[in-house]
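Colleague: Sequence below, structure please.
(chains A, B, C and D)
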There are 2 protein chains.
Amino acid sequence: MESRIERLCIERRLKMTGQRRIIARVLSEATDHPDVEELYRRASALDARISIATVYRTVRLLEEKGILERRDFGGGRARYEATAHGHHYHLIDVDSGRVIEFADPDLETMLHALASRLGFDLVSMRLELFGRRARVRDERASAGDAAPPVQAPR
Amino acid sequence: MESRIERLCIERRLKMTGQRRIIARVLSEATDHPDVEELYRRASALDARISIATVYRTVRLLEEKGILERRDFGGGRARYEATAHGHHYHLIDVDSGRVIEFADPDLETMLHALASRLGFDLVSMRLELFGRRARVRDERASAGDAAPPVQAPR
DNA sequence: ATAGGTGCAAAGCATTTGCCGCGGT
DNA sequence: ACCGCGGCAAATGCTTTGCACCTAT
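Modeller: Numbering: from 1, shown residues only, chains lettered A, B, ... in the order given. Now for the predicted structure:
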């Protein structure tokens, strides 16, 4: 009954209002990386008396509390996902906008080594790969991550 | 007399106005990663009759032409640098805001391999490391392959 | 009871754009 | 001469905030 994220909120003693409960549920059920407007849409479908300002405020709060992570895949809007247990990275399909998650311990190691070679302790990083499906056999991308195609940085 | 970037503009047959010449010069002389406001400040110092809208338009044009690259180091404003010959990445010192550039062919290789393992051709990527100066014990005096052009804190 | 949350609309920021006179080529 | 450019201010698009009311604890 209680969503995973609601539980996390309670642990951190956040006041659980109706709106937050809804938003927590939407977030808990998301398997993609929705932006605020999309979260607002989904939350509104469950309970119409939520304003987008509240979504912004909630998402910000949860990020500060470490429950959510903000992503920037280009396109000017922040996108969110629940903090995962393992580190992972994102590859964005530039044609479909779809986001593929992947982990790679070797990469992790390499980046830490790299930073330390430069005289730094790695605090955090931002890594996004932009790719195009390698020629396989015509395969239509069906809206995995409801997002328009993305323009990759040069 | 003619700045490096002005030359590139001429090669691409861009109309060289007084404003563009100034902006091209500012960009040619920059060794850091200025944002638009900073570019505007520097350009204004050379010639006061430049508007910030022109800086935005020019920077955008030059990016489309492949002469400039847009970066996002967080903080909400885009930052720019002249397109370099070799690929390089950025490490941001979280305490000072300083940006350290570095190259790493192994990393390059690894990322391409990674994408292709996922079934994608790597089109581009975004990678920024955020680090804190390490408390050193075994100082391998001034990091091996790093190019240390640096920029002022925000 | 009361600290903090919410809705609404207005404000903020970085960036873009419409209009129109001006300046390269 | 022509087409594109630059200045200005207004418009955008995402996000934050001030204010007055409301609600979990």
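Colleague: Near DNA strand D, which residues of chain A are found?
Modeller: Chain A comes close to DNA strand D at residues A:15-18, A:35-37, A:52-53, A:56-57, A:60, A:76-78, as judged by CB under 7 Å from any atom of the strand. C-betas here are computed from N, CA, C, even on glycine.
Colleague: quick one: contacts for A:Arg21?
Modeller: Neighbour list for A:Arg21: A:Ser3, A:Glu6 [criterion: CB atoms under 8 Å, 6 or more residues apart in numbering or on different chains].
Colleague: State the distance from the spatially closest residue to A:Gly86 that is not a sequence neighbour to DNA strand C.
Modeller: Distance criterion CB to CB, 6 or more residues apart in numbering or on different chains; nearest residue to A:Gly86, sequence neighbours excluded, is A:Ala103 at 5.7 Å. According to CB to the nearest atom of the strand, to the nearest Å, A:Ala103 and DNA strand C sit 31 Å apart.
Colleague: so how many other residues sit close to A:Ala103?
Modeller: 11 (other CB atoms under 10 Å in any protein chain shown).
Colleague: Do I have it right that it meets A:Ala84?
Modeller: No: using CB atoms under 8 Å as the test, A:Ala103 is too far from A:Ala84 to be in contact (9.2 Å).
Colleague: ok, the longest strand seen in chain A near chain B or not?
Modeller: For chain A, the longest strand by residue count, based on DSSP state E, is strand A:120-133. Yes: using CB under 8 Å from any CB of the partner chain, we find that strand A:120-133 touches chain B at A:120-133.
Colleague: Could the C-alpha coordinates of stretch A:33-42 be exported in PDB?
Modeller: Extracted in PDB, the C-alpha atoms of stretch A:33-42 (Å, rounded to 0.1, in the frame of the first residue of the first chain):
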ATOM      1  CA  HIS A  33      13.100   9.200 -16.400                       C
ATOM      2  CA  PRO A  34      10.200  11.600 -16.400                       C
ATOM      3  CA  ASP A  35      10.500  15.300 -16.400                       C
ATOM      4  CA  VAL A  36       8.400  17.500 -14.100                       C
ATOM      5  CA  GLU A  37       5.600  18.000 -16.600                       C
ATOM      6  CA  GLU A  38       5.300  14.300 -17.100                       C
ATOM      7  CA  LEU A  39       5.200  13.700 -13.400                       C
ATOM      8  CA  TYR A  40       2.600  16.300 -13.100                       C
ATOM      9  CA  ARG A  41       0.500  14.600 -15.800                       C
ATOM     10  CA  ARG A  42       0.800  11.200 -14.100                       C
END
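Colleague: Show me which residues of chain A sit near DNA strand C.
Modeller: Within chain A, the positions lying close to DNA strand C (CB under 7 Å from any atom of the strand) are A:14-15, A:17, A:19-20, A:49-51, A:53-54, A:57-58, A:61.
Colleague: Let's see the pLDDT reported for A:Met110.
Modeller: At A:Met110, the pLDDT value in this model is 93.
Colleague: Contacts only, for it.
Modeller: Contacts of A:Met110 by CB under 8 Å, 6+ apart are B:Asp106, B:Leu107, B:Met110.
Colleague: how about those residues in JSON lines, adding secondary structure?
Modeller: Below are these laid out as JSON lines (DSSP: H, G, I helix; E, B strand; the rest coil):
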{"residue": "B:Asp106", "secondary structure": "helix"}
{"residue": "B:Leu107", "secondary structure": "helix"}
{"residue": "B:Met110", "secondary structure": "helix"}
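Colleague: Could you tell me which of the residues of chain A next to DNA strand C count as buried?
Modeller: Among these, those classed as buried by 16 or more other CB atoms under 10 Å in any protein chain shown are A:Leu14, A:Gln19, A:Arg20, A:Ile50, A:Thr54, A:Thr58.
Colleague: Would you point out the most distant pair within those?
Modeller: A:Leu14 and A:Ile50 (16.4 Å; CB to CB).
Colleague: In the host helix or strand of A:Cys9, which residues are buried?
Modeller: For A:Cys9, the host element (DSSP states H and E) is helix A:4-11. Going by neighbour count (16+ other CB under 10 Å), the buried part of helix A:4-11 is A:Ile5, A:Glu6, A:Leu8, A:Cys9.
Colleague: any idea how far stretch A:25-38 is from the chain center?
Modeller: Between the centre of stretch A:25-38 and the centre of its chain there are 8 Å (CA atoms, centre = their mean, to the nearest Å).
Colleague: Buried residues, it. List them.
Modeller: Neighbour-count burial for stretch A:25-38 [16+ other CB under 10 Å]: A:Arg25, A:Val26, A:Leu27, A:Ala30, A:His33, A:Pro34, A:Asp35, A:Val36, A:Glu38.
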